[in-house]
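*Asks:* Mind folding the following:
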Amino acid sequence: MQVISNTQVWQSILQAIPDTARPVLETFVPTGLADMNQIMQFTNLTRDRVNRAVERLVSANLLQELKRPIPRPDQRGKPSNIYLLTQEGAKVLHSLGYKHAHVCGLKDDLPILHMLALTDTHLAGQKAGVPIRTDTLLRFNERTLRPDHLVTLADGRAMILEVEQAASTETLRRVVESLQNKQDFFASKANTNILPEVRMIVQLPRGTKWDKTIRTWEKAVGVVQERAGGNLSFRLFAIPRREFLDAPDWSAEHQLSWVEITASEKQNVIQPLSQAAPQEFLYHTSREDHLVLAALWQDFLENVQPAQAQFPKPDPEFLNVMRLIYSASHDSALSELEQASVPYASLYLLNKYFAMRKLRQPLNKTLHNGKGNLRWNPTTIMHRMQVVVNAFLSAHGWRSDGPLFVHVSMSDWGAASTQFFGVNVRIRNPQILMAQDDMVVPSQSEVAHTEKALAWVLWSLFAHSLDLGLGRPEFW
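*Replies:* Numbers count the residues shown, from 1 in each chain. Model (predicted):
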């Protein structure tokens, strides 16, 4: 059987569509990924011509179409089709002189969204004739910093541009780590030719999520600044992605409405509602994480409303608080030892949450109702657990058999599981996670994380009942 080489395939495509094949494929040089709108922007071709070229490249296995749509968090309307560069496509680009072209092996929604925004910025720089390097490597003190973009300014200096997603206190540790790396880089003075500032292009419109993201970065600045014993060695600015792309800013002087992010006053001043993070909350951390936990504690106090209406209504903020409680001890940014330890921080927050929402007494009554008068078996145990779960959700205006579906289950006798009786959470409609001004339905990963967080909190009502002041259930 005759084997057809990449060169032969490419030559046959060039013969069929000589004016469109190369510019379409070259769109994928910066990141290995692009959507239909980005291809049209880069090539200045009509949609019909781009469609024909893409179909040829996909059929020749130089490109691969992503089979699911991924909505942009700052963009209304139907999401554009996304295409990934294959190994064969990368080899063709190498033969054309693009030695740094690489396959896009991303699978999850958030990394793909991040890479799409990198493509946006890179193409905007190319269109403006600005020297821009994407996903480059900077070395300092035997370490490296990998900014999303490094732009050469008119005066010869370089400027760092980063692309960021929504952030919250749940992701504060990762934000702090990112910021600390940049602080270490600029403090090292390893490259004085780089403008001492970082400009963040955030994939959000101005609104609730934007405000929460900015507050998270303010907290992170406060943490890193306190670690440094003074001010940061650089300045930090942010702008929504759409605002940047409408009129890209490539100068050292700020031409757009960049928001400078500094440590918020709440980092340094105790508010009347707030109090310093208690030592019980900080005691069990096994590394220098006290400042992050203190910021998390303050955010917890600000977000948990102690007052309850007589007939509470479901609110996405409840699910946000459950994620915050869970993240205190289950953040993937924690070390392996911390992730393996008893979740003291999460249990402490859950305890405080019970006290603030006056939940302990009704939960205790429901959990121990009929104590000493029941014969326990798997059926009655699962029923009692479901009643307690329903009581907890009902106190927040939620039911367990609607768009938020929560049910107790029992594992098989032979299953290798630490939870013989478990609590399962399924979000049937992701819209229940959306605030009023959210434009896009949450991603699958965000939904899965929320399900996991709420399931842990509900399971803890039984598994950690003594730690939560609920007493030991007879059946546990």
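*Asks:* Flag the shaky bits of the stretch 251-400 of the chain, pLDDT-wise.
*Replies:* Applying pLDDT under 70 to the stretch 251-400 of the chain flags residues 265-277, 279-280, 282-290, 305-311.
*Asks:* could you redo the last one with a cut-off of 80?
*Replies:* 264-292, 294-295, 298-299, 302-303, 305-311 (pLDDT under 80).
*Asks:* quick one: the strands in it?
*Replies:* 259-260 (DSSP state E, counting those that start in this stretch).
*Asks:* ok, Ser341 to Leu470 distance?
*Replies:* Going from Ser341 to Leu470 by Cβ to Cβ, to the nearest Å gives 22 Å. All C-beta atoms are positioned from the backbone trio N, CA, C, and that covers glycine.
*Asks:* ok, these two, which is more surrounded?
*Replies:* Taking other Cβ atoms under 10 Å, Ser341 and Leu470 do not tie; Leu470 has more neighbours (22 against 15).
*Asks:* ok, that one - contacts?
*Replies:* Residues in contact with Leu470 (Cβ atoms under 8 Å, 6 or more residues apart in numbering) are 360, 363-364, 367, 461.
*Asks:* One more pass at 6 Å, please.
*Replies:* 364, 367 (Cβ atoms under 6 Å, 6 or more residues apart in numbering).
*Asks:* The chain should start at 527 in everything you say after this.
*Replies:* Sure, I'll start numbering at 527, so the last one becomes Leu996.
*Asks:* Kindly report the domain assignment for the protein.
*Replies:* For the chain, the structural domains run 532-633, 658-793, 805-989, going by automatic domain parsing.
*Asks:* Could you dump these into JSON lines with distance to Phe1001 added?
*Replies:* Listed next are these as JSON lines, based on distance: least, Cβ to Cβ, whole Å:
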{"stretch": "domain 532-633", "distance to Phe1001": "41"}
{"stretch": "domain 658-793", "distance to Phe1001": "33"}
{"stretch": "domain 805-989", "distance to Phe1001": "4"}
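*Asks:* And those domains: which comes nearest His640?
*Replies:* domain 658-793 (5.9 Å; Cβ to Cβ).
*Asks:* hang on, the earlier thing: and of the domains of the chain, who's closest to Leu649?
*Replies:* Comparing those under Cβ to Cβ, the one sitting nearest is domain 532-633, at 5.3 Å.
*Asks:* okay, how far is it across the closest one, tip to tip?
*Replies:* 25 Å (Cα to Cα, to the nearest Å).
*Asks:* wait, what's in contact with the residue lying closest to Asn916 once chain neighbours are set aside?
*Replies:* Closest residue to Asn916 apart from its sequence neighbours, by Cβ to Cβ, 6 or more residues apart in numbering: Ser926 at 5.3 Å. Applying Cβ under 6 Å, 6+ apart, one finds that Ser926 lies in contact with 916, 919, 932.
*Asks:* In helices only, show me those.
*Replies:* Counted as lying in helices by DSSP state H, out of these, are 916, 919.
*Asks:* Compile the contacts of Ser926 into a markdown table and extend it with columns for distance to Asp600 and neighbour count.
*Replies:* What follows is the contacts of Ser926, written out as a markdown table (distance: Cβ to Cβ, whole Å; neighbours: other Cβ atoms under 10 Å):
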| residue | distance to Asp600 | neighbour count |
| --- | --- | --- |
| Asn916 | 37 | 17 |
| Leu919 | 32 | 19 |
| Val932 | 32 | 23 |
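*Asks:* what about the closest residue to Asp561 other than its chain neighbours, distance to Ser971?
*Replies:* Excluding the flanking residues, the one nearest Asp561 by Cβ to Cβ, 6+ apart is Ser606, at 4.0 Å. In this view, Ser606 and Ser971 are 20 Å apart by Cβ to Cβ.
*Asks:* again, but for Lys878
*Replies:* 28 Å.
*Asks:* now, which of the contacts of Ser926 sits nearest Gly558?
*Replies:* Val932 (40.4 Å).
*Asks:* Now for the closest one: which residues touch it?
*Replies:* 915, 926, 951.
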